[in-house]
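Novice: pasting the structure only:
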């Protein structure tokens, strides 16, 4: 059973960069396509990006292109989400998810396409 744990959230100031981590325990993450999502209370979950387990190809939601970068470290069994130049609108709970391999194509998969989820990490952007 795959377990995912996010970390790296917290309070950051506008304009700063932030790297979130999603560490997997159990199966190797290369067996899965991984995704990052975010959600603000009262709003729908937003998809951000995904990365393939097979070859590391990544894709982004159109609204998330430019400031977000998804990456992975096979040795650490960890997927990352880097957010540059954060704004207060980036305040949300960020979650990672794992799903079937080769689902990471455009348009990127939605939440229903993922099987395993972490608990999420809160990011608050405020001066």
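Specialist: Ah, there it is. Just so we're clear, the structure is a prediction, and the values are computed from it rather than from any experiment.

Novice: and the helix or strand where residue 81 lies, what other elements does it pack with?
Specialist: Using DSSP states H and E, residue 81 falls within strand 78-83. Here strand 78-83 touches strand 18-25, strand 33-39, strand 46-51, strand 68-73, strand 92-99, going by 3 or more Cβ pairs under 8 Å, 6 or more residues apart in numbering; DSSP states H and E. Glycine gets a C-beta too; all of them are placed from N, C-alpha and C.

Novice: just give me the neighbour total for residue 83.
Specialist: 24 (other Cβ atoms under 10 Å).

Novice: residue 90 is in contact with that one, correct?
Specialist: Yes - if you go by Cβ atoms under 8 Å, residue 83 and residue 90 touch, sitting 6.1 Å apart.

Novice: between those two, what contacts are shared?
Specialist: residue 123 (Cβ atoms under 8 Å, 6 or more residues apart in numbering).

Novice: center of the chain - which residue?
Specialist: For the chain, residue 36 is the residue whose C-alpha lies nearest the centre (Cα atoms, centre = their mean; 2.2 Å).

Novice: how about that one, what does it touch?
Specialist: 20, 22, 47-50, 68, 70, 79, 81, 94-97.

Novice: and for residue 51?
Specialist: Taking Cβ under 8 Å, 6+ apart as the test, what residue 51 contacts is 33-35, 57-59, 70-72, 79, 104.

Novice: how close does it get to residue 122?
Specialist: Per Cβ to Cβ, to the nearest Å, residue 51 is found 22 Å from residue 122.
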